[in-house]
Every structure is written in structure tokens, then in C-alpha cells.
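Engineer: Need coordinates for the following:
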Amino acid sequence: MEILYKPWPWYVAGPLIGITVPILLLLGNKKLGISSTLTQICAVCIPATAPSLKYDWRKDSWNLLFVVGVLIGGFLGGYVFANPNPVAISTATIDFLKSHGLNDPQGFMPQELFNWSSLVTLKGLLLMIAGGFMVGFGTRYARGCTSGHGILGLSALQWPSLLATASFFLGGILFSRFVLPYILDL
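Structural biologist: Sure, this is the predicted structure:
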């Protein structure tokens with residue numbers, strides 16, 4: 001049972017994620033990705049009357065179950081089998097965040113930035129609302145999310161997925177290097 005409470009090494013978790021792609025393709029030509037699920041949820045909740053907006057969500061209803069599984073897995077991994085040790089981030093990252101006014105920058109999501117009360121500040125608004133909008137826009141513009149392009153698209157040797165995945169990483173690097181320091185100093 002000890003394995004449930006520790007992060008799995010890359011050589012176990014990576015192949016488990018990777019084997020999902022051929023299994024889905026073999027079990028019915030299903031494609032791994034999460035961003036198209038919003039279209040399905042909207043089609044279920046708000047049936048379109050215009051012919052151009054009609055979408056048959058039933059043909060991909062398995063994807064809704066996939067999302068439910070992701071939510072259950074996230075809950076189990078985050079609360080039931082949570083690792084009691086904080087996520088280790090580099091001392092250089094901690095020093096960088098402290099130099100920009102964060103007092104306790106532990107883990108991937110420092111509580112000083114990512115909480116309900118910081119949502120009403122300019123810094124929180126930019127990080128969570130504007131950042132969420134930009135992620136959503138980028139997902140639609142790239143015609144897929146990081147999991148769809150990075151896992152399914154790359155394994156299928158699709159050139160657009162390689163370009164999209166490289167762009168995701170480049171955008172993250174450039175943002176964290178040139179934009180994030182200014183937002184943190186607000």
C-alpha cells in the first residue's frame with residue numbers, strides 16, 4: 001500500500017499514460033484528449049436550435065465518462081492518497097519567488113497566489129482569470145489541448161501536434177521568464 005502514497009516514477013507513470021493511446025485506438029478508434037469535452041457538455045446542457053450548431057454528443061459519450069474518471073482520480077490522488085510531503089521545487093525557484101514578494105512559495109501553487117481572496121486582486125485576476133482565458137483561447141486556436149497534442153498527436157507522428165506542443169512549452173518558458181515577474185511585482 002506504500003506505493004499509493006508516493007509519487008510514481010516517470011518510468012512507471014509515463015508508460016501507463018502512453019499505453020492509453022493505443023488501447024483507446026484499438027478499442028474503437030477513440031482519441032485521447034480532454035478539450036473537446038466542453039463541446040459535448042454544452043451540447044448536452046444547451047441543445048442547439050441552429051443547424052450549424054448541432055452536435056451529436058452521444059457518439060463521443062465515452063469521453064464524458066473519461067472526464068468523470070479524471071475528476072475521481074484527481075480527488076483520490078489529491079485527498080485520499082495524497083503525498084504528505086510537499087512537492088520539491090528548486091531553491092533557485094524559491095529564491096526567485098521570494099525576491100518577488102512571496103513569503104512561503106512552497107509547491108507548484110503557492111497559497112499566496114492561488115486562493116479565493118487573491119482572486120479579487122489585480123495579480124489574482126491576471127493569473128487566474130486572464131490566464132484561464134488565454135489557455136482556453138490557445139486550446140481552441142491550436143485545435144486541441146496539451147494532452148491531446150502532446151500524447152496522442154505526437155504518438156501518431158503528426159506535424160501540427162509537434163508544432164503545437166513546442167509552442168505550448170515555448171509560450172510557458174517565455175511567459176515565466178518575461179511576464180510573470182511583472183505580474184508578481186504588482
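Engineer: in this protein, what secondary structure element scores lowest on mean pLDDT?
Structural biologist: The least trusted helix or strand in the chain, going by mean pLDDT, DSSP states H and E, turns out to be helix 37-45, with a mean of 78.
Engineer: now that one: how far from the chain's centre is it?
Structural biologist: 19 Å (CA atoms, centre = their mean, to the nearest Å).
Engineer: and for that helix, what are the contacting residues?
Structural biologist: For helix 37-45, the surrounding residues in contact (CB atoms under 8 Å, 6 or more residues apart in numbering) are 55-57, 60-61, 63-64, 66-67. Quick note: C-beta positions are derived from backbone N, CA and C, even for glycine.
Engineer: one more time with 7 Å
Structural biologist: Here helix 37-45 makes contact (CB atoms under 7 Å, 6 or more residues apart in numbering) with 55, 57, 60, 63-64, 67.
Engineer: and what of stretch 102-115?
Structural biologist: Stretch 102-115 is contacted from outside by 86-87, 94, 97-98, 127, using CB under 7 Å, 6+ apart.
Engineer: circling back: any idea which of the contacts of helix 37-45 has the most stuff around it?
Structural biologist: Within the contacts of helix 37-45, most neighbours by other CB atoms under 10 Å means residue 63, with 20 neighbours.
Engineer: need the contact list for it.
Structural biologist: 36-37, 40.
Engineer: How about the contacts made by the residue nearest the centre of the chain?
Structural biologist: By CA atoms, centre = their mean, the chain has its centre lying nearest to residue 146, at 7.1 Å. Residue 146 makes contacts with residue 168, as judged by CB under 7 Å, 6+ apart.
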